[in-house]
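In: please work out how this folds:
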Amino acid sequence: MVRAPIGRRVVAVLAGLLSSVLLLVGASPAAADQGGKEAQKEGTQKLDRLRSGQATLRVGTDATFPPFEFTDAKGGKIGFDVELVRELAKRVGIRKVTFTQMPFGNIVPALQAHQIDVGASAIYISDERAKVVDFTDVYYPGGLAMFVSDHNNSVHTLNDLAGKKVAVQVGTKSVEWLKEHQPRAQLVTVQTNEQMFSSVKLGQADAVVTGAPGGRYFIAQQGGLKQVGKRLTGENYGYAFPKSDSAVTTAFDSALKDMKTDGSYAKLTGKWFAAKGGAKAQKDHPLLNPATIVDSWDQIWHGLLVSIMVILLSLCLSLTLGMLGGLAKLSKILPVRWLGNAYVSVIRGTPFVVQLFFIYFGLPQLGLQLPPMVAGVFALGLYSGSYVTEIFRGAVQAVDRGQIEAARSCGMSHGAAMRYVVVPQAFLRMLPPLGNEFVSLTKNSALVSFITIGELFLVGQTIISRTFDALTVYLFIGLLYYVLTNLIGSATQAIEKKMAVYV
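Out: Numbering: from 1, shown residues only. As a prediction, this is how the structure comes out:
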């Protein structure tokens, strides 16, 4: 067979590629138009479901940023954003509204994954965010500002932040803005609003760059800080929606316009942003304030129950996956043994937080959306199960080989010998390392707070955002975790002593 010269073949390939590109370009306007119509139709249908009560408007918020969103002593969400969203939803005709607590940096990913319907957490409208979510019209003027300690006289302008430690909240506009406009500042990245201001009051940072309204509210409530200079930026706040929910976004815009016209918007802003006296800010609090725990006990108790439920469900899943994984690693069937090895290698070789975020935020993009509790328990059980797998395998292999050979010589099958002879002896050897693993699981359960599960640690953060009493709250929550881990340790020791007489 005679081949065409290389030059001709290259030209033919390039021509084919060019034709494909031209076809795609020619089809793209029609495809984009069709996609836009489908998205608009989907948004209209969703608005109809919300108005009929068939669906609930899920609002994602980081309730640690007063006065926009925080919690009362009973754990209920309060603040300017909370009241405004409820009123807007009422005017739109939406019957059911629920607020979900989550870290600020997770709100936009949760919108993209359709885990929530609205992001309401003093979110700045920006070009970068607008590429992936839609925003309502401006509902409150924001803008970044600098705040320093009352006794700090060395910071007056942005240039003074060079070489200084500046506290910023992860996922906020402050982070990228400072990297661009003052790259010589040393950023101290924290998770919550309260941690930013506490960093300055405790001397861990020299300044805070955050939203001007939130900073001024902290000063009015707690004191100890002052604003230096005017606003650094002129960004404004808007509510964020998924790109597919344009009908809902438009309805919220219309309701917001009506509120501004009839005066109800001005009344609401006056309630939350009117200047308050400094008496409360000047009030001294004891170093450890038991009243903080007493006043918030209902909220803490609920968080403790959620934590216990997460721990128990994850523990059961961990045992199940660990036993199956251990049997797989001991299997004589090569593909089964390979699966067991792959499970341990992949899960133990990657951080738990990465797995947790992949399951909750990543899987929805593949078409699998799990509720927060299911995702948290599954991720925690999956991660712990990889360690239980190795514990189970090691314990089984530690049983003398002669035990199973003796059982087989008595006429037992391999499965019966494992069930009645080997596994009971191996279980006693597993107890000490299992106890350690379950203690680790209990401590890791605090990380599921990142995906909106209202367990003990997340409850503590919301209480601190209201009371600014980090020492008392974290000390008490640490004590509760200490009790839980010691209960698990005592239970495994008791079982070990009770079973020792049978082996």
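In: contacts, neighbours, all on C-alpha from now
Out: Fine.
In: give me the low-pLDDT residue ranges for the protein?
Out: Counting by pLDDT under 70, the ranges of the chain that qualify are 1-40, 275-285, 500-503.
In: strands of that one, start to end?
Out: 57-61, 70-71, 77-78, 97-101, 118-119, 133-135, 140-141, 144-149, 165-169, 186-190, 207-211, 225-228, 236-237, 240-242 (DSSP state E).
In: got the angle for the longest one vs strand 207-211?
Out: Between strand 144-149 and strand 207-211, the angle comes out at 140 degrees (axes from the mean of the first three to the mean of the last three Cα atoms, to 10 degrees).
In: given strand 144-149, what are its sheet partners and their directions?
Out: Its sheet considered, strand 144-149 pairs with strand 207-211 (antiparallel), strand 225-228 (antiparallel) by DSSP bridges.
In: most tightly packed of these?
Out: When those are scored by mean count of other Cα atoms under 10 Å, the highest mean neighbour count falls to strand 207-211 (a mean of 27).
In: give me the contact list for that one.
Out: The contact list for strand 207-211, computed with Cα atoms under 8 Å, 6 or more residues apart in numbering, reads 142-149, 161, 164-169, 174, 196-197, 200.
In: name the residue closest to the centre of this structure, please.
Out: residue 450 (2.6 Å; Cα atoms, centre = their mean).
In: before we move on, back to that, and of the strands of the chain, who's closest to residue 409?
Out: strand 97-101 (60.6 Å; Cα to Cα).
In: how about the strands paired with strand 144-149 in a markdown table, adding distance to residue 397?
Out: Shown next, in a markdown table, are the strands paired with strand 144-149 (distance: least, Cα to Cα, whole Å):
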| stretch | distance to residue 397 |
| --- | --- |
| strand 207-211 | 57 |
| strand 225-228 | 62 |
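In: out of the ones you listed, which gets nearest to residue 364?
Out: It is, among those and with distance given as Cα to Cα, strand 207-211, at 31.6 Å.
In: pull the distance from that closest one to the chain's centre.
Out: Distance of strand 207-211 from the chain centroid (Cα atoms, centre = their mean, to the nearest Å) equals 22 Å.
In: next one: stretch 320-339
Out: In this view, stretch 320-339 has its centroid 33 Å away from the chain centroid, taken as Cα atoms, centre = their mean.
In: can you measure across that stretch, start residue to end residue?
Out: 16 Å (Cα to Cα, to the nearest Å).
In: likewise stretch 102-120?
Out: Terminal residues of stretch 102-120 lie 11 Å apart, using Cα to Cα.
In: buried ones in it, by neighbour count?
Out: 102-104, 106-120 (16 or more other Cα atoms under 10 Å).
In: kindly report the same for stretch 155-169.
Out: Counting neighbours by 16+ other Cα under 10 Å, stretch 155-169 gives 155, 158, 161, 164-169 as buried.
In: CA atoms of it as CSV?
Out: What follows is stretch 155-169, C-alpha atoms only, in CSV (Å, rounded to 0.1, in the frame of the first residue of the first chain):
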residue,chain,number,x,y,z
VAL,A,155,-0.9,51.7,61.5
HIS,A,156,-2.6,54.6,59.7
THR,A,157,-2.7,53.7,56.0
LEU,A,158,-2.5,50.6,53.8
ASN,A,159,1.3,51.1,53.4
ASP,A,160,1.7,50.7,57.1
LEU,A,161,0.6,47.0,56.9
ALA,A,162,3.8,46.1,55.1
GLY,A,163,5.5,43.4,57.2
LYS,A,164,2.6,43.4,59.7
LYS,A,165,0.5,40.4,60.5
VAL,A,166,-3.1,40.9,59.2
ALA,A,167,-6.0,38.7,60.2
VAL,A,168,-8.4,37.7,57.4
GLN,A,169,-11.2,35.2,57.2
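In: ok, and what's touching it?
Out: 148, 154, 174-175, 182-193, 196-197, 199-200, 204-210, 228-229.
In: can you check stretch 123-140 too?
Out: Under Cα under 8 Å, 6+ apart, the answer for stretch 123-140 is 108, 111-112, 142, 172-173, 235-243, 246, 249-250, 252-253, 256.
In: go with 6 Å
Out: Outside of stretch 123-140, the residues within contact range by Cα atoms under 6 Å, 6 or more residues apart in numbering are 236-243, 249, 253.
In: skipping adjacent residues, who's closest to residue 460 in space?
Out: residue 473 (6.2 Å; Cα to Cα, 6 or more residues apart in numbering).
In: would you mind measuring from that neighbour to residue 122?
Out: Counting by Cα to Cα - residue 473 and residue 122 are separated by 25 Å.
In: next one: residue 424
Out: For residue 424, the distance to residue 122 - Cα to Cα - is 57 Å.
In: more crowded one of the two?
Out: residue 122 (29 against 17; other Cα atoms under 10 Å).
In: and the more buried one, what does it touch?
Out: residue 237 are the contacts of residue 122 under Cα under 6 Å, 6+ apart.
In: what of residue 265?
Out: Shown in contact with residue 265 (Cα under 6 Å, 6+ apart): residue 259.
In: same deal with residue 464?
Out: Here residue 464 is in contact with residue 470 (Cα under 6 Å, 6+ apart).
In: repeat that for residue 182.
Out: Contacts of residue 182 (Cα under 6 Å, 6+ apart): none.
In: please repeat the previous calculation with a cut-off of 7 Å.
Out: Listed by Cα atoms under 7 Å, 6 or more residues apart in numbering, the contact partners of residue 182 are residue 162.
In: excluding its backbone neighbours, what's nearest residue 414?
Out: Nearest one to residue 414, counting by Cα to Cα, 6+ apart, is residue 408 at 6.8 Å.
In: can you count the residues close to that neighbour?
Out: 15.
In: any idea how far it is from residue 203?
Out: 70 Å.
In: count of residues packed around the residue lying closest to residue 235 once chain neighbours are set aside?
Out: If the residues on either side of it in the chain are set aside, residue 235 comes closest to residue 143, at 4.8 Å by Cα to Cα, 6+ apart. The local packing of residue 143 (other Cα under 10 Å) involves 20 other residues.
In: list the contacts of residue 143.
Out: Residues in contact with residue 143 (Cα under 7 Å, 6+ apart) are 211-212, 231-236.
In: export those residues as TSV, with columns for distance to residue 381.
Out: Shown next, in TSV, are the contacts of residue 143 (distance: Cα to Cα, whole Å):
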residue	distance to residue 381
211	39
212	42
231	47
232	46
233	45
234	46
235	43
236	42
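In: which among these end up buried?
Out: 211-212, 232, 235-236.
In: most widely separated two among those?
Out: Applying Cα to Cα across those, the maximum distance is between 232 and 236, 12.3 Å.
In: turn the buried residues of stretch 155-169 into a markdown table, columns for distance to residue 443.
Out: Converted to a markdown table, the buried residues of stretch 155-169 look like this (distance: Cα to Cα, whole Å):
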| residue | distance to residue 443 |
| --- | --- |
| 155 | 40 |
| 158 | 41 |
| 161 | 37 |
| 164 | 34 |
| 165 | 30 |
| 166 | 30 |
| 167 | 27 |
| 168 | 27 |
| 169 | 24 |
